[in-house]
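Engineer: Predicted coordinates and the sequence they were generated for:
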Amino acid sequence: MPLKCYEHCCSSCIALANLGKIEGVIPILHGPQACTFGNQIGSMFCRPSRLLTIGTTLKKSEVIFGGEENLKQQIRNVYAQYTPKIIVIISTCVPQLIGEDVKGVSTDLQNEIPDLKVTYCETGFNHPRSTPMGNDVSWKAIVDVLEPQEVVKNSVGLLGRAGQDADSLGTLTSPLREAGITTYAFPAGHIDEMAKIVKAEFLCPLHLVPYLTSKRLRERFGSKVEYSELPVGVEGTSNFLRGVADLTGSQKLREIVAREEKRVLPRWQRIKEQFKREKIRALLVSGPANEISIGKILAELGAEVIIVPAMRNKFAQQEKKILLDRYRSQITFHEEDFDTVAKLADFYKPQVIFADFQGRVEVIRKLIPCHINENYLNEYGYDYALDFGEYFFDNLRRPVFEEWRDLMAHYGGGICA
Amino acid sequence: MPKGSERIDHPPGYPEAAKMKMKEIHKPSSFEGAVWVTQGIKDARMIFHAPPGCYMMQHMNSLCNEWHPDFYSTLVSYGDVMQGTETQLEDVLRKVVAENPKAIFIITSPVVEITGDDVEGVVSKVGFDKTITVRPPIGGSLAEGKEKAFISLIDLMDPSVKKAEKTVNLIGPTYNTFNWRADTFELKRMLSHIGVSVHTVLTADCTVSEIEDAPRAALNICMYPYDWGVVVAERMKERFNTPYVADHVPIGFRESAAWLEEIAQFFQIDAKAYLAQEMQSGLDFITTLLVTNTFFESSAALSTDNCDSYSVGIGRFLKRELGMEISLVTVGTDRAKEIVDQVCSTVLVNPSIDEKKRLFLEKAPTIILGNYYDLKLSTDLGFKNFLFADIPLIGHIFSETTPFMGFMGAKHLVQAIGNEIYTKIFIETKGEMEGIISAGEVPWELDAEKALGKIAQLLPHFIRSIAIKKLHQGADEIAVERKTKVTLEILREVALKYTPTRFKAKYSTVFAERGEEGVGEGGLEELPFQMEWDKEAQEMLEMVPSEFRAQAVSGTEEYAKKHNYTRVTSQVVDEYRRELGF
């Protein structure tokens, strides 16, 4: 067991950030103030607007006698002020611990306000996998209250990971749309658009995260879930799109893939040559599942990659197998316990680390370049990979690290972090 | 055409007008230089021998930037000029002498320089010993005016004083030198840590007795070696045998350490422990999360051509120690340009405001450091992130707390720049506190959707997802308002309006290339190649929108020639693209 959690943030915070990006949905954070304040501040960076969070800020008396009335009143308040289509109760550790009847509250309020849908997700005690689970359980909560719609034959639903995917799935929806394939994206900026995911005949998860969401969509609406592989890098994106072409029988999509490969491969090849010249060993630690996707891009470029995976669900297992088959000794999955990222770094001696804040603090003062996982999201498609690859060495800012090594050797008495 | 001037088109019928040039007045002159040097001497009196208009503007400008600058004037009238200003000067001088100042400085204005009045005769007649006349040259630069005033101070200095151990003079800080108060404070602090004390600061906030005693210092330190102070230091060396140092601009950790090390070595002081302490603290600070996260993917334009020492010091610091891209620097001299060329490929010597405007747009820096004009210009152009770093200003509050020089200065610069970028981008990418998150289910045209994907790749990682959200939402809202789909045009409009300004220039390429076919062989043949290009390099032109390809060819070849490449390879194209910030 590590000495600390190396994930980006709590499930509740992620659920808040996720749901806070969808118009028509308002989350209510059900928990004590000590829990909710941190999550409110933490989620503010990535929420687009409506930055105040409604919560129950449970008191000690409510912990003893129950906080259901408080929760009900907050739901009424939110509905009266904003009239959302869906309210999602984010039930944190304390209500889960005291056995709050959150389900009962949502049923009562559903009956009290027929135009409103009230649902809930449990975000307490999700460690490990706090971050991805926060996404998955909040999406699942939405799926719980979606209405059935007529399925459109041969249509495809692209199932993303997190709220920010609502604005970045265009890189994958556009080739499908160009091929004439009816495409639904989940998430989307508005709940009406997002709700159409139930019309998709085929459901193609884009990431390892929405496992429970996919499962719930299949259970409720009979969607055919087809996880092929992460659409990242050139090979991964092409394989994913060809997989969709196979599902839908779209020759046009195959042609688009061929055209796109022709467009990107000369640049991609140049990047690979640079990676051949400058050997890179990268350590990627427990991101919001992007340690695998970014690791995949790096491996395709020729880097040696060590991944400490955050996810172990079926999608993750499938992806791991793909990566090991494809890149063999070039890729290592570190699944054993470790104490600190610093110790992993001492062991693997990477030239670059992708980790979250908690890991970065351990290695950066040793002047090892460390990128923050959370900054490397929306990693789908060809252009992301090209941009990532072309600027990879620049972004390492090696001259700056060398400058500081020299400065510390000359003036600072060496690096003693 | 002189620097800072621009030819303008004139209507037909005014052939002579075509010879006129539009002068841009944003550089202080030698008169300001002389006034600013002398007005900071606390117990002296400065008389600006000038018409009231000159006096008022000089005094008002200083009062808007300094604490309590006070000086007098002869308030020369037209009649005085016609009949000679000597009487007026004598009257004022006698009144000032009656106040018992420690010294009197008379600065002659251009009017008096033209009439050639006998200022020295008046001074002699009044007979106050410590009266110094400074005649700034008409057409002279700020630096020339300051240097001339500094040199005039030598007449006050006492050559008989004995040298005091471990004491220095700081030469250079004057009133209206940007941030002099904080920079001086910090350098004094650093010197005190190695047991060196500052004898005289020439001249901001010094006293006449300190000037008289200045030869007592064992060493002179030129704080602005690329601007002024070196000539007076040289003269003091000749007159008083006081050595000087002018090798380092103490901006950034490296140069601050090197600056202090040089002084310590002069005095044979062991500064290692103190330097190590400052550098460890610097490393701790520089490696904090938001510093590298923000600086590694940001760029800066330095419009600091009224203080070349800042251009040199800040440019090198931000580039080498923080990994920031320095996309544009303006300087006042070719000497400074030679140094700044090492960290920035676009260095302009005394550019006009129009040139700056064009380059701000072309380079689209994340932050601009400059003067009031730059702030106005950048605001007009939609740039959000700005830090004052130079004069002129329309008024600015200065204290000891915000240095750019020294170790604290390095930290302050990082703090000010980093917070400006990080917070402003955060605010710029947010909607309203109670605003809607999405305008509804809004259809997007395929071209617009693809363009949004391309734009995403142009944004720094640390704000990419929130910036894209803002663009997406903005485009949706306009489309709903116009009852249409989101078109490429709407996205272009939104991109120019909302997103972090650094990237606006780059967006144009995204919009231009949408819907285009790649370059065929025929297309390439039509391009104006002058040099030999590798096939791979030619293929890279496919990334450039067709209307910009000819320009890209000539720009790349110009770059290749400048860097002594004999043929254009993919490496050259890559280097040139990076220079442009792509």
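Structural biologist: Done, it's in.
Engineer: How about B:A456, nearest residue that isn't a chain neighbour?
Structural biologist: B:I468 (5.2 Å; C-beta to C-beta, 6 or more residues apart in numbering or on different chains). Yep, even glycine has a C-beta here, placed from its N, CA and C like the rest.
Engineer: which ones are touching that neighbour?
Structural biologist: A:164, A:167-168, A:378, B:452, B:455-456, B:459 (C-beta atoms under 8 Å, 6 or more residues apart in numbering or on different chains).
Engineer: And what about it, helix, strand or coil?
Structural biologist: Applying DSSP: H, G, I helix; E, B strand; the rest coil to B:I468 yields a three-state assignment of helix.
Engineer: Return the distance of it relative to B:T423.
Structural biologist: The gap separating B:I468 from B:T423 is 19 Å, by C-beta to C-beta, to the nearest Å.
Engineer: Repeat that for B:T292.
Structural biologist: If you go by C-beta to C-beta, the gap between B:T292 and B:T423 works out to 17 Å.
Engineer: which of the two has more neighbours?
Structural biologist: It is B:T292, of B:T292 and B:T423, that has more neighbours when counted by other C-beta atoms under 10 Å in any protein chain shown, with 23 against 11.
Engineer: and A:Y6, how many neighbours?
Structural biologist: 25.
Engineer: State whether it is indeed within a strand.
Structural biologist: No: going by three-state DSSP, the assignment for A:Y6 is coil, not a strand.
Engineer: need the contact list for the nearest residue in space to it that is not next to it in sequence.
Structural biologist: Closest residue in space to A:Y6, ignoring its immediate chain neighbours: A:S286 at 4.7 Å, by C-beta to C-beta, 6+ apart. Neighbouring residues of A:S286 by C-beta under 8 Å, 6+ apart: A:6-7, A:128, A:308-310, A:355-356, A:359, A:373.
Engineer: Likewise for B:K102?
Structural biologist: Counted by C-beta under 8 Å, 6+ apart, B:K102 has contacts B:43-44, B:130, B:207-209.
Engineer: between the contacts of B:I468, which is nearest B:P159?
Structural biologist: Nearest to B:P159 among those, counting by C-beta to C-beta, is B:L459 at 62.8 Å.
Engineer: Could you report the distance from the closest one to B:S299?
Structural biologist: Counting by C-beta to C-beta, the gap from B:L459 to B:S299 is 13 Å.
Engineer: Show me which of those two is the more surrounded one.
Structural biologist: Between B:L459 and B:S299, counted using other C-beta under 10 Å, B:L459 has the larger neighbour count: 24 against 20.
Engineer: List the buried residues for stretch A:319-334?
Structural biologist: Across stretch A:319-334, burial judged by 16 or more other C-beta atoms under 10 Å in any protein chain shown covers A:319-320, A:322-323, A:326-327, A:331-334.
Engineer: Quick one: mean pLDDT for stretch B:497-509?
Structural biologist: Taken as a whole, stretch B:497-509 has a mean pLDDT of 57.
Engineer: How about stretch B:341-360?
Structural biologist: Averaging pLDDT along stretch B:341-360 yields 91.
Engineer: Could you point out the helix or strand that follows the lengthiest helix in chain A?
Structural biologist: Longest helix in chain A, counting residues (DSSP state H): helix A:251-277. As assigned by DSSP states H and E, the chain's next helix or strand after helix A:251-277 is strand A:281-285.
Engineer: What is that next one packed up against?
Structural biologist: For strand A:281-285, the packing partners by 3 or more C-beta pairs under 8 Å, 6 or more residues apart in numbering or on different chains; DSSP states H and E come out as helix A:290-301, strand A:304-308, helix A:341-348, strand A:352-355.
Engineer: Within the sheet, what are the partner strands of it, with directions?
Structural biologist: strand A:304-308 (parallel), strand A:352-355 (parallel) (DSSP bridges).
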